[in-house]
Each structure stands twice: as structure tokens, then as C-alpha cells.
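Trainee: Fold the following for me, if possible:
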Amino acid sequence: MGDIEKGKKVFVQKCSQCHTVEEGARHKVGPNLWGLFGRKTGQAPGFSYTQANIEKGIIWNEETLMIYLQNPKKYIP
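Mentor: Next up, the predicted model:
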């Protein structure tokens with residue numbers, strides 16, 4: 001597992017403009033990420049996903065998230 005403080009800093013700088021992480025928080029441009037691990041792609045209640053995201057059909061976990069973050073548009077076109 002990585003460095004928590006470094007990860008928090010990266011999230012604030014690169015992800016928080018589009019995502020929230022608190023339970024029950026609203027969606028932004030991207031979905032709320034609370035409970036992401038164990039959830040199937042395109043399944044956060046109340047968020048409008050692309051068809052490609054819905055049809056990807058993977059379950060988010062540490063491995064799938066790391067692959068996605070390396071090249072999001074390649075992983076889910």
C-alpha cells in the first residue's frame with residue numbers, strides 16, 4: 001500500500017475538482033467515490049455514466065483502479 005499523506009495530496013490536487021469521497025456527498029463532474037471498491041463500473045446511484053463505463057463490467061479494487069488511473073481513456077474508452 002502507498003503513502004497515505006502523499007495519496008491525499010495527489011487526490012486534492014488532481015481528483016477533488018471532479019470527485020468527492022465522503023459517504024453521502026454529492027456527485028460532481030465525476031461520481032462520488034465512497035464505497036468504490038467492490039462496486040461494478042457505472043453503478044454509483046444517481047450518477048449518469050457513459051455506456052462504455054456501464055458496459056465495462058469490472059469490479060473496482062486496488063488493481064483495477066491502478067490500471068484505470070494509468071490511462072483512463074484506454075481502460076474505459
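
Trainee: what's near enough to touch E55?
Mentor: G42 (CB atoms under 8 Å, 6 or more residues apart in numbering). Backbone N, C-alpha and C define where each C-beta goes, glycine included.

Trainee: leaving aside the residues next to it on the chain, what's closest to G42?
Mentor: Once flanking residues are discounted, G42 sits nearest to I54: 3.4 Å by CB to CB, 6 or more residues apart in numbering.

Trainee: who touches the spatially most central residue of the chain in this structure?
Mentor: Residue closest to the mean C-alpha point of the chain, counted by CA atoms, centre = their mean, is L33 at 5.4 Å. Residues in contact with L33 (CB under 8 Å, 6+ apart) are H19, T20, V21.

Trainee: Filter those down to the buried ones and hand me the PyMOL line.
Mentor: Of the contacts of L33, the buried ones go into a single PyMOL selection, burial set by 16 or more other CB atoms under 10 Å:
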select buried, resi 19+20
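
Trainee: Nearest to S48 among the contacts of L33?
Mentor: Of all these, H19 has the smallest distance to S48: 14.7 Å, by CB to CB.

Trainee: how far away is that closest one from F11?
Mentor: Distance from H19 to F11, counting by CB to CB, to the nearest Å: 8 Å.

Trainee: can you check T41 too?
Mentor: T41 is 20 Å from F11, by CB to CB.

Trainee: Between those two, which has more neighbouring residues?
Mentor: The residue with more neighbours, out of T41 and F11, is T41; 20 against 13, by other CB atoms under 10 Å.

Trainee: I'm done for today, thanks for sticking with me.
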